[in-house]
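Trainee: Pasting a predicted model and its sequence here:
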Amino acid sequence: MDQRGTLTLPQNGAHRVREDWYEGFAESPDVLKDAQRQQTVVQVLDLEIGGEEFITMAGPCSVETEFQLMAIANHVRRAGARILRGGAFKPRSSPYAFQGHGLEGLKMLAHAREESGLAIVTEVMSEEDVPMVAEYADILQIGTRNMENYSLLEAAAHSGRPVLLKRGMVATVADLLRSAQFILDNGNPNVILCERGIRTFETATRNTFDVAAIALLKQISHLPVIADPSHAAGHRELVPALARIAVAAGADGLLVEVHPNPDKAWSDGEQSLDFAGFDAMMEALDPWLALRGLELAPRKRGVLQREPVGARTMEAVG
Ligand code: PEP
Ligand code: MN
């Protein structure tokens, strides 16, 4: 019998699938959407992550020199970035690779905030360093290698700073949400999830960008979701396309590596965009953001988008 025209999707199909998901994530109930919590908006200085604005976090993999950092901060700000990224503590695959400037790097980041007005996100690798990193940074980044380092997560939660939680490279979505739940359980509701690619059998890209995880997280969790196309791709040529895909999948923002001379970068140069590449990536996002009714921060080349925040104390930002 010809069933064309008579086939209908079960009316409760989507609902049933969603309930299955809720069972699958039962160990992280507080990160799931419910009637009270549809979207967490994380306030950082004068901007909101998970709100109306698409937030781009951009900067070098590693903080190298004051000159390098300042040049990048000024450039990415004019191109529409709102947050400056840069590692002062670097988890490296090789023990002989540059490990970061530590405290000196944090001071350079704080100086760049004063000069540019951009908020700062930087990685913290050990629980002992949390108070120091929290003194200088606006957002604490937990790296992929530390997603399940519970003593670090606990210390980061207690710092009171928002936490950018990167998905472990071999972590499932449920694992990621469990770690997020742990931070919430430790009294910090300001968790930002980050998809940065996972390990699969594919080796052409550095990691496999799990775009379905972004769509899934946006459906089931009220926490903001940021995409990192740089570590997902591992090759700068692919970063703009992955950024556009992240927008289409519903991400709340991006974390992108940018360097004035990527071939000379002290870490992750092969995946870092140069200034022209970053500008082109940002401009190419516009029509995709428009489809979602979103905008980037206004791009006012050569003009400050907002006043630098100047020196501030821990108390001033809570
Ligand atoms: C980084 O952001 O530079 C970084 C080391 O990221 P990940 O932890 O995702 O590898
Ligand atoms: Mn990096």
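Mentor: Okay, I see it. Ligands and ions are numbered 1, 2, ... in the order given.
Trainee: Which residue ranges of the stretch 51-200 of the chain form strands?
Mentor: 55-59, 83-85, 119-123, 139-142, 163-166, 191-195 (DSSP state E, counting those that start in this stretch).
Trainee: so what's the residue in the stretch 151-300 of the chain positioned nearest to ligand 1 closest to, chain neighbours aside?
Mentor: At 4.0 Å from ligand 1, Arg196 is the closest residue in the stretch 151-300 of the chain, using C-beta to the nearest ligand atom. Quick note: C-beta positions are derived from backbone N, CA and C, even for glycine. Spatial nearest neighbour of Arg196, excluding adjacent residues (C-beta to C-beta, 6 or more residues apart in numbering): Asp228 at 3.9 Å.
Trainee: least trustworthy helix or strand in this structure by mean pLDDT?
Mentor: helix 314-317 (a mean of 32; mean pLDDT, DSSP states H and E).
Trainee: The residue of the stretch 151-300 of the chain closest to ligand 1 touches Arg167, doesn't it?
Mentor: Yes: here Arg196 reaches Arg167: they are 6.0 Å apart, a contact under C-beta atoms under 8 Å.
Trainee: Give me the common contacts of the two.
Mentor: Shared contacts of Arg196 and Arg167 (C-beta atoms under 8 Å, 6 or more residues apart in numbering): Thr144.
Trainee: What residues does the chain have near ligand 2?
Mentor: Cys61, Asp268 (C-beta under 5 Å from the ion).
Trainee: again, 6 Å this time
Mentor: When proximity is defined as C-beta under 6 Å from the ion, the chain approaches ligand 2 at Cys61, His231, Glu257, Ser267, Asp268.
Trainee: JSON lines please, covering those residues and showing pLDDT, secondary structure and neighbour count.
Mentor: What follows is those, written out as JSON lines (pLDDT from 0 to 100; DSSP: H, G, I helix; E, B strand; the rest coil; neighbours: other C-beta atoms under 10 Å):
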{"residue": "Cys61", "pLDDT": "98", "secondary structure": "coil", "neighbour count": "24"}
{"residue": "His231", "pLDDT": "98", "secondary structure": "helix", "neighbour count": "24"}
{"residue": "Glu257", "pLDDT": "98", "secondary structure": "strand", "neighbour count": "29"}
{"residue": "Ser267", "pLDDT": "95", "secondary structure": "coil", "neighbour count": "20"}
{"residue": "Asp268", "pLDDT": "96", "secondary structure": "coil", "neighbour count": "21"}
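Trainee: which of those residues are the two that sit furthest away from each other?
Mentor: His231 and Ser267 (11.3 Å; C-beta to C-beta).
Trainee: What segments of the chain are helices?
Mentor: Counting by DSSP state H, the chain has helices at residues 13-24, 66-78, 103-116, 130-136, 150-158, 173-185, 211-220, 229-233, 239-249, 275-291, 314-317.
Trainee: Tell me which of those is the most buried.
Mentor: helix 229-233 (a mean of 26; mean count of other C-beta atoms under 10 Å).
Trainee: That one and ligand 1, are they touching?
Mentor: Yes: Helix 229-233 is in contact with ligand 1 by C-beta under 6 Å from any ligand atom, via His231.
Trainee: Residue of the stretch 101-250 of the chain closest to ligand 2, please.
Mentor: His231 (6.0 Å; C-beta to the ion).
Trainee: got a list of what that residue touches?
Mentor: Thr144, Arg196, Gly197, Arg206, Asn207, Glu257, Asp268, Gln271.
Trainee: run the last query once more with 10 Å
Mentor: His231 makes contacts with 61, 143-144, 166, 169, 194-197, 206-207, 209, 239, 255-257, 268, 271, as judged by C-beta atoms under 10 Å, 6 or more residues apart in numbering.
Trainee: and if you look at Gly105?
Mentor: By C-beta under 10 Å, 6+ apart, the residues touching Gly105 are Ser62, Val63, Glu64, Leu69, Gly86, Gly87, Ala88, Phe89, Lys90, Thr122, Val133, Tyr136.
Trainee: ditto for Met132
Mentor: Ala88, Phe89, Gly102, Leu103, Leu106, Val124.
Trainee: Try it again at 8 Å.
Mentor: Leu103, Leu106.
Trainee: higher neighbour count, Arg196 and Arg167?
Mentor: Neighbour totals were compared for Arg196 and Arg167, and Arg167 leads with 25 against 22 (other C-beta atoms under 10 Å).
Trainee: Correct me if wrong: that one contacts Ile214.
Mentor: No: between Arg167 and Ile214 there is no contact under C-beta under 8 Å: 10.3 Å.
Trainee: neighbours of the residue in the stretch 51-200 of the chain that ligand 1 sits nearest to, just the number please.
Mentor: With C-beta to the nearest ligand atom as the measure, Gly143 is the residue of the stretch 51-200 of the chain nearest to ligand 1, at 3.0 Å. Using other C-beta under 10 Å, Gly143 is surrounded by 23 other residues.
Trainee: Give me the distance between it and Leu153.
Mentor: Separation of Gly143 from Leu153 (C-beta to C-beta, to the nearest Å) stands at 12 Å.
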